[in-house]
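S.K.: Got a sequence here, can you model it:
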Amino acid sequence: MANFLSKAFGFDKARHSVRTEILAGITTFLTMAYILAVNPGIFAAIDMPGGAVFTATALAAIVGTLVMALYAKKPFALAPGMGLNAFFVFTVCLTMGHTWQFALTAVFLEGLLFIVLTLTKVRSWLLNAIPGTLKKAIGAGIGLFIAFIGLQNAGIIVDNGATLVSLGDVTHGTALLALIGIAITAALVMAKVRGGMLIGILATAALGLVIKDPATGEAITKLPEKWISFPDSLSPIFCKFEWNSILSWDMLAVVFTFLFIDMFDTMGTIIGVHQGAGLVPEGNRRDDIPDMEKMFLADSIATVAGACFGTSTTTTYVESASGVGEGGRTGLTAFSVAVCFGLALLFSPIFLAIPGAATAPALVLVGVMMMPSIARIHWDNYCKAIPAFITIIMMPLCYSISDGILLGVISYVLMHALSGKFKEISLTMWILAALFICKYIFI
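M.R.: Next comes the predicted model:
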């Protein structure tokens with residue numbers, strides 16, 4: 001048995017415990033299972049069937065996490081990423097006006113490109129070309145964007161027709177429910193309760209059974225007709241690709257944005273969790289983490305599989321840190337997460353009955369969790385601070401992650417050029433800035 005665990009998951013009985021690894025996996029699942037409730041709700045905005053999206057979300061998580069467990073042998077879990085799903089729905093489909101089939105095609109192509117970049121080591125070259133200031137700003141900007149979406153979904157922030165946005169009626173209905181949910185979820189997270197966000201979602205949904213929607217007079221949360229069900233079919237969204245637009249400028253911009261966000265999100269998660277848990281061998285540079293390429297390959301394979309299933313980019317979850325904090329060190333932790341997602345497939349009616357007001361607290365708290373990188377930006381250096389600020393603020397204000405990134409790159413090159421710091425602008429950044437300017441002029 002020990003020999004099998006060693007070959008399959010990199011498990012060493014002298015250093016690891018089966019019980020600890022399994023409990024770590026359950027902990028990780030509890031902290032990230034909110035995606036099963038959030039994803040169908042986000043994709044409902046573009047009329048993708050919730051049941052099929054739920055199934056695709058769980059399957060993408062299972063495939064990606066199994067590859068991480070068996071190939072990379074690391075304790076990290078994967079699932080369709082927050083921020084990336086928002087970009088898919090609210091930017092590519094609702095803002096740019098493309099179909100969800102177009103967006104799925106972009107995710108599929110991004111996954112294939114990610115595989116190529118990983119195998120050819122181009123990834124390292126590209127990562128080194130993007131300034132660290134922008135990498136930190138992107139995470140914070142996406143955090144604000146995600147929180148903004150959650151507040152809108154709950155009716156806490158509304159369009160009043162005069163000032164673009166204003167505070168909604170927070171004394172009734174979904175807004176009140178969401179505010180209570182934020183307080184509950186925040187208390188659980190601050191108390192470091194395992195699965196605090198998932199518990200917060202379920203508690204808020206339960207309160208929705210007694211809080212009524214003023215518009216309909218009915219309870220905000222409606223109990224499902226059945227609690228256990230076989231997963232909905234993937235047929236409405238499986239491999240629904242749109243090939244007639246793959247050579248367009250829009251496709252190029254969308255694929256690059258998906259790739260860029262996925263690449264740096266995965267890199268930041270892997271590096272941050274490794275360093276926080278003391279897993280980086282002494283003397284190594286930031287990027288010198290053992291089996292880094294294997295982890296990136298697991299991420300890219302999961303993205304391709306997820307696109308075929310019918311969901312947005314699958315990425316490594318920062319919530320994996322919770323399992324690592326519980327002692328998870330091998331692929332057995334990730335395998336345990338995959339098993340949990342498999343069991344969750346049988347309980348889709350429960351997750352799909354959860355209203356947007358109940359998932360809003362998770363979106364707000366995830367936004368908070370993505371903000372720490374902002375502290376590492378040198379705000380007293382305006383040459384770097386201005387591009388970082390533009391990247392962060394433009395994401396929620398433009399309702400577009402891609403616009404934040406593109407404007408951030410352009411402003412970075414412009415600020416350094418105006419300051420005469422040409423040596424700090426790489427050739428790659430000049431090329432990217434020129435391409436992005438052309439996009440705004442011609443597209």
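S.K.: next structured bit after the lowest-mean-pLDDT helix or strand in the chain?
M.R.: Ranked by mean pLDDT, DSSP states H and E, the helix or strand of the chain with the weakest confidence is helix 122-129, at a mean of 67. For helix 122-129, the succeeding helix or strand toward the C-terminus, using DSSP states H and E, is helix 132-153.
S.K.: any weak-confidence spans in the stretch 151-300 of the chain?
M.R.: 264, 268, 271-289 (pLDDT under 70).
S.K.: mind listing the helices for it?
M.R.: For the stretch 151-300 of the chain, the helices defined by DSSP state H, counting those that start in this stretch cover 173-190, 196-207, 249-276, 292-309.
S.K.: Highest mean neighbour count across those helices, which stretch is it?
M.R.: Using mean count of other C-beta atoms under 10 Å, the stretch among those with the largest mean neighbour count is helix 292-309, at a mean of 24. Backbone N, C-alpha and C define where each C-beta goes, glycine included.
S.K.: Now do that helix against helix 249-276, angle only.
M.R.: If you take axes from the mean of the first three to the mean of the last three C-alpha atoms, to 10 degrees, helix 292-309 sits at 140 degrees to helix 249-276.
S.K.: list the helices and strands the following helix or strand past helix 292-309 packs on?
M.R.: Next along the chain after helix 292-309, taking DSSP H and E as the criterion, comes strand 314-316. Using 3 or more C-beta pairs under 8 Å, 6 or more residues apart in numbering; DSSP states H and E, the elements in contact with strand 314-316 are helix 50-67, strand 78-80, helix 249-276, helix 292-309.
S.K.: Next, count neighbours for the closest residue to Pro131 other than its chain neighbours.
M.R.: Spatial nearest neighbour of Pro131, chain neighbours left out: Tyr412 (6.2 Å); criterion: C-beta to C-beta, 6 or more residues apart in numbering. Applying other C-beta atoms under 10 Å, we find 27 residues neighbouring Tyr412.
S.K.: Confirm Tyr412 sits in a strand?
M.R.: No - going by DSSP: H, G, I helix; E, B strand; the rest coil, the assignment for Tyr412 is helix, not a strand.
S.K.: which residues sit in contact with Lys212?
M.R.: Gly173, Glu218, Ala219, Ile220 (C-beta atoms under 8 Å, 6 or more residues apart in numbering).
S.K.: Report the contact partners of Glu218.
M.R.: Taking C-beta under 8 Å, 6+ apart, one finds Lys212 in contact with Glu218.
S.K.: re the thing from before, for Pro396, which of the helices of the stretch 151-300 of the chain is the nearest?
M.R.: Nearest to Pro396, of all these, is helix 249-276, at 15.3 Å by C-beta to C-beta.
S.K.: and the helix or strand hosting Val366, what does it pack onto?
M.R.: In the assignment (DSSP H and E), Val366 maps to helix 356-369. On a contact count with 3+ C-beta pairs under 8 Å, 6+ apart, helix 356-369 meets helix 34-43, helix 132-153, helix 173-190, helix 196-207.
S.K.: can I get the CA coordinates of it in PDB?
M.R.: Output of helix 356-369 as PDB, limited to C-alpha atoms (Å, rounded to 0.1, in the frame of the first residue of the first chain):
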ATOM      1  CA  GLY A 356     -27.400  35.200  -5.900                       C
ATOM      2  CA  ALA A 357     -27.800  37.000  -2.600                       C
ATOM      3  CA  ALA A 358     -26.300  34.000  -0.800                       C
ATOM      4  CA  THR A 359     -23.300  33.700  -3.100                       C
ATOM      5  CA  ALA A 360     -22.600  37.500  -3.000                       C
ATOM      6  CA  PRO A 361     -20.800  37.200   0.400                       C
ATOM      7  CA  ALA A 362     -18.400  34.700  -1.100                       C
ATOM      8  CA  LEU A 363     -17.600  37.000  -4.000                       C
ATOM      9  CA  VAL A 364     -17.000  39.900  -1.600                       C
ATOM     10  CA  LEU A 365     -14.700  37.900   0.600                       C
ATOM     11  CA  VAL A 366     -12.800  36.400  -2.400                       C
ATOM     12  CA  GLY A 367     -12.300  40.100  -3.400                       C
ATOM     13  CA  VAL A 368     -10.800  40.800   0.000                       C
ATOM     14  CA  MET A 369      -8.500  37.800  -0.300                       C
END
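S.K.: what element comes up after that helix heading to the C-terminus?
M.R.: helix 382-397.
S.K.: just how off-centre is that next one within its chain?
M.R.: Computed by C-alpha atoms, centre = their mean, to the nearest Å, the chain-centroid distance of helix 382-397 equals 20 Å.
S.K.: Quick one: residues in contact with that helix.
M.R.: Outside helix 382-397, the residues within contact range by C-beta under 8 Å, 6+ apart are 131, 133-134, 136-138, 140-142, 144-145, 148, 374, 377-379, 400-401, 403-405, 407-409, 411-412, 415-416, 419, 421.
S.K.: Give me the buried subset of those residues.
M.R.: 131, 133-134, 136-138, 140-142, 144-145, 148, 374, 377, 400-401, 403-405, 407-409, 411-412, 415-416 (16 or more other C-beta atoms under 10 Å).
S.K.: List the contacts of the closest residue to Leu177 other than its chain neighbours.
M.R.: Distance criterion C-beta to C-beta, 6+ apart; nearest residue to Leu177, sequence neighbours excluded, is Ala357 at 4.4 Å. Listed by C-beta under 8 Å, 6+ apart, the contact partners of Ala357 are Asn153, Ala154, Gly155, Gly173, Thr174, Ala175, Leu177, Ala178, Gly181, Thr204, Gly208, Ile220.
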